[in-house]
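1. Predicted model and sequence follow; I will ask about them next.
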Amino acid sequence: MAEQTLKVQKIKNGIVIDHIPCGMALKVLKILGIQGDIGSTLTLAMHVKSKNGLKDIVKIEDRNLDERELDKIALIAPTATVNVIKDYEVVRKHKVVVPKVVKGIVRCMNPRCITNQREPVEPEFTTISTEPIVIKCKYCGREMDSEDIVENII
Ligand code: CTP
Ligand code: ZN
């Protein structure tokens, strides 16, 4: 029965970020720069049962994601699936891809890194592990995990 199975309403147009690792939805909002009212409907579901265990879901109406935002999501929610919804139908579905090179979207957490000096060089990292996520600064070698990444997203 619908009353017993419906947890989160379908959306008409927008994006559904599904299969977010359980507990990471608020961090996804943070890296998308969403802190308060964005002027469109946003639905958040956390700790939801799915085929492969527990997940979080974020649905944002009338919104798109650009490449930069997709890369950011991949770094903190590598299992996420992004669904584009048009007139209630899923018109595009793809899994996020963890970028091999992370350029200009995360600040190095080492204050002495050349990328944090007076004439900064654009921060650049290589991904050295995807499960769990670890990226390594090209300039100073500092390694950062997903918590560090969330705190230093640009
Ligand atoms: N969804 C939505 N509004 C719509 C269509 C879909 O919010 N109008 C959501 C669904 O609730 C689901 C996600 O978008 O969380 C993907 O939808 P769908 O592909 O229909 O679901 P599944 O087949 O279960 O997806 P997957 O195989 O990726 O788990
Ligand atoms: Zn560095």
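-> Cool, the structure landed. Numbering: from 1, shown residues only. Ligands and ions are numbered 1, 2, ... in the order given.
2. Next, the most centrally placed residue in the chain: secondary structure please.
-> Closest to where the C-alpha atoms of the chain average out (C-alpha atoms, centre = their mean) is Ile73, at 1.8 Å. Put simply, Ile73 is helix when judged by DSSP: H, G, I helix; E, B strand; the rest coil.
3. residues in contact with it?
-> Contacts for Ile73 (C-beta atoms under 8 Å, 6 or more residues apart in numbering) come out as 17, 28, 31-32, 65, 80, 82, 96. For every residue, glycine as well, the C-beta is placed using N, CA and C.
4. any idea which of those is closest to ligand 2?
-> Closest to ligand 2 out of the contacts of Ile73 is Ile31 (19.6 Å), distances taken as C-beta to the ion.
5. burial of the closest one, as a residue count?
-> 21 (other C-beta atoms under 10 Å).
6. Domain boundaries for this structure, per the record?
-> The chain resolves into domains spanning 14-95, 101-152 when parsed by automatic domain parsing.
7. Could you export those as TSV, including distance to ligand 2 and mean pLDDT?
-> Formatted as TSV, these follow (distance: least, C-beta to the ion, whole Å; pLDDT from 0 to 100):
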stretch	distance to ligand 2	mean pLDDT
domain 14-95	16	95
domain 101-152	3	95
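8. Lovely, talk soon.
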